[in-house]
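> need a structure here:
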Amino acid sequence: MIERHIRPLVVEGLTFARAVCLLGPRQVGKSTLAKQIASQDHPARYISLDEEGSRRAALEDPTEFVASIAGPAVIDEIQRAPDLMLAIKMRLDTCDDRGQFLLTGSANVITLPTIADNLPGRVDYMRLWPFSQSEIEGSRENFVDRLFENDPPRILGAEVGRAAYAERVVQGGFPDVQGRSGTARERFFSSYLPSILGRDVSDIARIHDAAQIGRLLSVVAGRSGSLMSSRGMAGDLGIDHKTVIAYTKVLEDLLLVRRLSGWSANIDSRQVKAPKLHVCDPGLLANLLNVSADRLVQDPKLAGPVFETFAATELERQSSSSEREPRFYHYRDHRQREVDIVLERGAGEIAAVEVKSGAAVRSKDFSALRFLRDSLGPRFKSGVVLYAGEHTLPFGERLHAVPLCGLWQG
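Okay, here's the model as predicted:
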């Protein structure tokens, strides 16, 4: 059993909050983690809304369904009966006990209008993603915290080149994919997406053509790590760009696609505000692109965006259990300065990461990081270029090149 790093934070949340809601894509282990907590850390009744009888009862009379629950409870897949959240709100408003509910959801219920306006301050929301590489390796290493401490992992003698990472990248982090061969991985993903599109889309949006959502996800995969262009994607699909915007929001709500907004602090008057999109898992991305580990090794143009998505998703997974969870952005301006990932903490502290799939790193790879460092002064804690090289190398004040394995090795 792979230990989830977020588990202590969920247990802690249940001691301080009236309810905790654990959000994440389907098949990332939310139910497994919730059952562990309910049986070992915070005794609670377990109810799954994927079970037909429970779901029908919750849909037909949410208030009575909640009233029938005595004591702490886990309610799994809450998006299948979203009106239940309002009944839970009524319970939380009348009872101040801590840890009354541990909720899980495979869709971003925070964005549902009937919920978002009614639950501020009542529920602690946390994110569970597919396994991080640290979790897979059994390491407690948190690269995100080390970034903000300007303490990058001092890696010596790492394996060199994309081949050292390609199989890890295309495997990704979904629990049921771990240890599978390429063909077995394909079988998992061939059933994974249809099950989501056939079941969860209707729970969160009034969309009749779920297949179009699937086609859009494939288009996003082809642009993962690139600036979002709704008109460009609309042209690829032959549909209206407003439809693309609405359907992209559905993919985000299903937690299959992650948006990185353009970061801005008025350090340059011509910054690009367009967001970037990343598929939520590099294994899913590789499947959508029909990319094997061998092809990643052989094709640097293809490897670049896939490796960037690998690093971006790994950082986000680690951030969910970091000391202070940062927000994620990217940076680009009209002078062609670009940083793949910008992390910002509440105090205004900034760390930044560039991702290279190659084994060589040069001074010019740090030009945008230097610009941010010099513009932000002490707010800028560190900048790192992740690459497929051998050693951690200094490239000036608060700047380092770090082998990709530094994401999970100390």
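> so after the helix or strand bottoming out on mean pLDDT in the chain, what's the next helix or strand?
Counting by mean pLDDT, DSSP states H and E, the chain has its least confident helix or strand at helix 113-116, which shows a mean of 56. Reading on from helix 113-116 to the C-terminus, the next helix or strand found by DSSP states H and E is strand 123-127.
> Residues contacting that following strand, please?
Under the contact criterion Cβ atoms under 8 Å, 6 or more residues apart in numbering, strand 123-127 has outside partners 6, 9-10, 13, 16-24, 92, 103, 110, 316, 320. C-betas here are computed from N, CA, C, even on glycine.
> from the chain's centre, how far out does the helix or strand following that strand sit?
Read in the C-terminal direction, the helix or strand following strand 123-127 is helix 133-137, with elements assigned using DSSP H and E. Taking the mean C-alpha point of helix 133-137 and that of its whole chain, the gap between them comes to 15 Å (Cα atoms, centre = their mean, to the nearest Å).
> Which elements pack onto the very next helix or strand once past helix 133-137?
Next in sequence after helix 133-137, counting helices and strands by DSSP H and E, comes helix 143-148. Here helix 143-148 touches helix 300-319, strand 338-344, strand 350-355, strand 380-387, going by 3 or more Cβ pairs under 8 Å, 6 or more residues apart in numbering; DSSP states H and E.
> domain ranges for this structure?
7-127, 133-407 (automatic domain parsing).
> Let's have those in JSON lines, adding distance to Met1 and mean neighbour count.
Putting the domains of the chain into JSON lines (distance: least, Cβ to Cβ, whole Å; neighbours: other Cβ atoms under 10 Å) gives the following:
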{"stretch": "domain 7-127", "distance to Met1": "8", "mean neighbour count": "18"}
{"stretch": "domain 133-407", "distance to Met1": "10", "mean neighbour count": "18"}
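> Looking at the residue nearest to Arg80 when sequence neighbours are not counted now. What's its pLDDT?
Take Arg80 and drop its neighbours on the chain: the residue closest to it by Cβ to Cβ, 6 or more residues apart in numbering is Leu49, 4.1 Å away. Confidence per residue is given as pLDDT, and for Leu49 that number is 94.
> again, but for Leu86
87.
> can you tell me the helix or strand for it?
Counting by DSSP H and E, Leu86 is part of helix 84-94.
> Which secondary structure elements does the helix or strand just after that helix sit against?
On the C-terminal side of helix 84-94, the nearest following helix or strand under DSSP H and E is strand 101-105. With contacts defined as 3+ Cβ pairs under 8 Å, 6+ apart, the packing partners of strand 101-105 are strand 19-23, helix 30-36, strand 73-76, helix 84-94.
> Could you tell me the least trusted of these?
Ranked by mean pLDDT, these end with helix 84-94 in last place, scoring a mean of 90.
> Can you show me the CA trace of it as PDB?
The C-alpha coordinates for helix 84-94 follow below in PDB (Å, rounded to 0.1, in the frame of the first residue of the first chain):
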ATOM      1  CA  LEU A  84     -26.800  17.100  -0.900                       C
ATOM      2  CA  MET A  85     -24.200  19.800  -0.200                       C
ATOM      3  CA  LEU A  86     -27.000  22.300   0.800                       C
ATOM      4  CA  ALA A  87     -28.500  19.800   3.200                       C
ATOM      5  CA  ILE A  88     -25.000  19.300   4.700                       C
ATOM      6  CA  LYS A  89     -24.700  23.100   5.000                       C
ATOM      7  CA  MET A  90     -27.900  23.100   7.100                       C
ATOM      8  CA  ARG A  91     -26.400  20.500   9.400                       C
ATOM      9  CA  LEU A  92     -23.100  22.300   9.700                       C
ATOM     10  CA  ASP A  93     -25.000  25.600  10.500                       C
ATOM     11  CA  THR A  94     -26.800  24.000  13.400                       C
END
